[in-house]
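Undergrad: Predicted model follows, preceded by the sequence.
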Amino acid sequence: MEEESNCENFCWIKRILFNKISKKLGWAFGMLIFIIIILVILNYQINQTIQKDAEEIRNIEAPLELMVERVIGYDAILTGNAHWALLHAIENNTQEVLKHKQIYDDTGIKLDNLLKYEAKELLQNSSRSQAEKEVVYGYLEELDKINLALVDLETRAFEAMFRGDVKTAEAFIIGEQYHEYKNQLAELYAKWASEEKRITEIYRKKVISNALNIRIYNVGLGIIFIIIASIIPILISGAIVKPINSLKQATEGIEKGNFKNRVEIKTGDELEELGNTLNKTLGVLERTDDERKQIDKAKTEFLSITSHELRSPMTPMKAQLQMVLGDYFGKLNKEQRESLNIVLNNTERLDKIIVDFLEISRIEAARLKFNFVRADLAKTVHAVIDELKGFMPEKNIKIETHVEKLPTIEVDPDRVSQVLRNLINNAIKFTPENGRIEVTAKLYSGMILFSVKDNGVGISERDQRKLFEPFYQADNMYQHKSGGTGLGLAISKGIIESQNGKIWLNSVPEKGTIFYFTVPLKPVRDIKAIKILFSEKEKIDELINSLFKEYLGPMGDKEFKNLKETQDITMESIKEYIQFLERKNIIPGEKAEEFKSKASSILKGIKEVKMEKEEVNEKDISKFIKGDEK
């Protein structure tokens, strides 16, 4: 219980101190700044100590050390002048004796001033210990006593010289007592000089040591700074970058339709809040996705059941109509026969639609049947072409084949025949009389690549984008005349994509169309569901329509319909329209850019069928089909 309480207290403190990313960054960089401040303070303090010690050496210790030499020098001058005066006294040169006496007196004053005032003043200002000061004070007192005794002897000697008593003067200056005082002075000078040298050396060593300490502190704190500066990115990575990567992975999963992932972020800041919000959103999306899947499943099952139930009465209906038309129940007049033929034709067309719906329901439910056998698809191509030679013979269409030697692979040849039959059938319908169709099959980049090329009416770029949608019929499509269901290409797309193949087209109006599709060399036994009935384009149109209403108000719906009627809804057409609105000052530039950005995000969902958007390059394929590349 105590541990839990401590944890709660710690977590509470942690949430107060680190509940914002800005606070975490602030603490991290604050730590670095704190180290820099410590480094600056230490450097400043040590530099102040060095400066103080250097000033101590320069202003006190060095002058004191030099003062010993000055005292020794003054003492030598006193002794020298006393001896020179004695020599001149022997020569009875009173004038020279007076001269040396004057020098002696001046030097004595200087020496006395050094020992009694200057040396003591420097000692008082010194930062050395009191004990060290007392040692020197003792030396100065001893020196003062001995100097006074020497001065007394030398003064009495000068008095004897002035009286002309040279022998008495010699006795004072050359006697044993005089030499004993001199030896005592020499000994005291040596001790004082040694003490001053020792103390000065201590200060010099302190300066050197502190200078070295600055380097050590700088290096040590620099290393600590580098270590912390290296740890901070790791901590930031754990506290900020890692959660962001988790959020990024989750959003990438959303883009792929995976709503089951959840992020676990325990950073106690905005990222945790964002993670919790994302988890809630993912929960809503997962439930919505599950509901959508259930609806799709119900729709597919309803379609399948309905198609089966609708087809059940079709066979007896057709049989009864055929019996009536065969005069089993009596002769029919011309009008009755024509009317019943219309009914029979529409019954057969309805039967085809039901069969196609059954096929689509299987594709969407991932229950499309494939009978995989080892087969040579080159034979399949030739068999389909032989079968279709009798289709619309009045148009005199020439079908050419360019089929290279293909490997024997595991495949469902009937499904490949179904796709080829649909494409060649359409090509025959849209090719003018005496036209030409080219059917090609070659190995390409680990797949078998098929193409069906015609020189017919062609398909506009706007229609190409919608051509694989169920029931879509371009303005020049033959279904309007032939009664086609408009489901053939959608079914072909489902068959090919369920085997991880691709199907697409390239068309130029009035020049012709080329349909391509690929069949992998290895079959896909785990069939995946392929969406066919409900086009993403319709959903995107709804979103774009809502966007128009958002930025243009009540007139948005009408403007969207006008734009859709005049041209296809693409980013280019919307961009041009928004620029037109901006030029007319209908919406400001800022809103216009926002409008474009939102439209771009929505339109990213459109699945282009042009080959430039696929993995295989269309230009390379065109060259390959023509035989330019091997």
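TA: Good, I have the coordinates.
Undergrad: Could you use CA atoms for every contact and neighbour count after this?
TA: Noted.
Undergrad: and the gap between residue 108 and residue 150?
TA: In this structure, residue 108 and residue 150 are 11 Å apart, going by CA to CA, to the nearest Å.
Undergrad: Equivalent analysis for residue 277, please.
TA: 102 Å.
Undergrad: how is this protein carved up into domains?
TA: 59-209, 270-361, 371-520, 536-626 (automatic domain parsing).
Undergrad: With respect to these, which exhibits the lowest mean confidence?
TA: Mean pLDDT values for the domains of the chain show the minimum at domain 536-626, a mean of 71.
Undergrad: Give me the more crowded residue out of residue 277 and residue 150.
TA: Using other CA atoms under 10 Å as the criterion, residue 277 and residue 150 rank with residue 150 on top: 24 against 12.
Undergrad: Just confirm that one is within a strand.
TA: No. Assessed with DSSP: H, G, I helix; E, B strand; the rest coil, residue 150 is helix; it does not lie in a strand.
Undergrad: ok, now which ones touch it?
TA: Contact analysis of residue 150 by CA atoms under 8 Å, 6 or more residues apart in numbering lists 178, 181.
Undergrad: For the remainder of this discussion, apply numbering that starts at 24.
TA: All set: I'll call the first residue 24, so the last point we hit is now residue 173.
Undergrad: Tell me the helices and strands packed up against the helix or strand where residue 520 lies.
TA: Using DSSP states H and E, residue 520 sits in helix 511-521. Judged by 3 or more CA pairs under 8 Å, 6 or more residues apart in numbering; DSSP states H and E, helix 511-521 is in contact with helix 357-387, helix 436-453, strand 526-531, strand 535-543.
Undergrad: Would you mind giving the orientation angle of the shortest one with respect to strand 535-543?
TA: Spelled out, that is strand 526-531. With axes from the mean of the first three to the mean of the last three CA atoms, to 10 degrees as the basis, strand 526-531 and strand 535-543 are set at 160 degrees to each other.
Undergrad: before we move on, back to that, can I get the domains of the chain in a markdown table with distance to residue 552?
TA: A markdown table is the format used below for those (distance: least, CA to CA, whole Å):
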| stretch | distance to residue 552 |
| --- | --- |
| domain 82-232 | 81 |
| domain 293-384 | 10 |
| domain 394-543 | 7 |
| domain 559-649 | 15 |
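Undergrad: what's the closest of these to residue 283?
TA: domain 293-384 (6.4 Å; CA to CA).
Undergrad: Quick one: end-to-end distance for the closest one.
TA: End-to-end distance for domain 293-384: 46 Å, by CA to CA.
Undergrad: where exactly do the helices run in the stretch 74-223 of the chain?
TA: In the stretch 74-223 of the chain, the helices defined using DSSP state H, counting those that start in this stretch lie at 85-113, 117-136, 142-148, 153-186, 189-197, 199-259.
Undergrad: quick one, which of those is nearest to residue 62?
TA: Proximity to residue 62, assessed across those by CA to CA, is greatest for helix 199-259 (6.7 Å).
Undergrad: Name the next helix or strand downstream of the closest one, please.
TA: Downstream of helix 199-259 (by DSSP H and E), the next one is helix 265-278.
Undergrad: Residue 462 looks like it's in a strand, true?
TA: Yes. Residue 462: assigned to a strand according to three-state DSSP.
Undergrad: unless I'm mixing things up, it is touching residue 473, no?
TA: Yes. Residue 462 is in contact with residue 473 according to CA atoms under 8 Å; the separation is 7.4 Å.
Undergrad: most centrally placed residue in this structure?
TA: residue 264 (8.6 Å; CA atoms, centre = their mean).
Undergrad: can you tell me how far it sits from residue 305?
TA: Distance of residue 264 to residue 305, given as CA to CA: 21 Å.
Undergrad: Sort out which residues of the helix or strand encompassing residue 70 are buried, please.
TA: Mapping residue 70 onto the secondary structure by DSSP H and E places it in helix 44-79. Buried residues in helix 44-79, counted by 16 or more other CA atoms under 10 Å: 44, 47-48, 51, 54-55, 58, 62, 65-66, 69-70, 72-73, 76-77, 79.
Undergrad: Ok, stretch 582-599 next?
TA: Those would be 582-583, 587, 592, 594, 597-598, for stretch 582-599 by 16+ other CA under 10 Å.
Undergrad: Out of those residues, name the ones that lie in helices.
TA: Within these, residues falling in helices by DSSP state H are 582-583, 587, 594, 597-598.
Undergrad: From these, pick the one nearest residue 529.
TA: residue 594 (20.7 Å).
Undergrad: The nearest residue to the closest one once chain neighbours are set aside: how many residues sit nearby?
TA: Nearest non-adjacent residue to residue 594, counting by CA to CA, 6 or more residues apart in numbering: residue 623, 6.5 Å away. For residue 623, the number of neighbouring residues by other CA under 10 Å comes to 17.
Undergrad: Check the offset of the one helix or strand residue 623 maps to from the chain's centre.
TA: Assessed by DSSP H and E, residue 623 sits inside helix 612-626. Relative to its parent chain, helix 612-626 has a centroid offset of 25 Å by CA atoms, centre = their mean, to the nearest Å.
Undergrad: Name the residues of it that are buried.
TA: By 16+ other CA under 10 Å, the buried positions in helix 612-626 come out as 615-616, 618-619, 622-623, 625-626.
Undergrad: returning to that earlier point: relative to residue 312, which of the helices of the stretch 74-223 of the chain is closest?
TA: helix 199-259 (35.4 Å).
Undergrad: what's the closest one packed up against?
TA: helix 44-79, helix 85-113, helix 153-186.
Undergrad: now the residue nearest to residue 430 when sequence neighbours are not counted: how far from residue 431?
TA: Beyond its immediate neighbours in the sequence, the residue positioned closest to residue 430 (CA to CA, 6+ apart) is residue 399, lying 6.5 Å away. Distance of residue 399 to residue 431, given as CA to CA: 5 Å.
Undergrad: Which residue of these two possesses the greater neighbour count?
TA: Ranked by neighbour count (other CA under 10 Å), residue 399 and residue 431 place residue 399 first, with 16 against 13.
Undergrad: re the thing from before, could you export the helices and strands packed on helix 199-259 as TSV, including distance to residue 510?
TA: Formatted as TSV, the helices and strands packed on helix 199-259 follow (distance: least, CA to CA, whole Å):
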stretch	distance to residue 510
helix 44-79	56
helix 85-113	110
helix 153-186	112
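Undergrad: Run a quick neighbour tally on residue 125.
TA: Residue 125: 13 neighbours (other CA under 10 Å).
Undergrad: Equivalent analysis for residue 315, please.
TA: Per other CA under 10 Å, the neighbour tally for residue 315 reads 12.
Undergrad: Please identify which helix or strand holds it.
TA: Counting by DSSP H and E, residue 315 is part of helix 293-334.
Undergrad: so what does the next helix or strand after that helix touch, helix or strand wise?
TA: For helix 293-334, the succeeding helix or strand toward the C-terminus, using DSSP H and E, is helix 337-348. The contact analysis (3+ CA pairs under 8 Å, 6+ apart) places helix 337-348 against helix 357-387.
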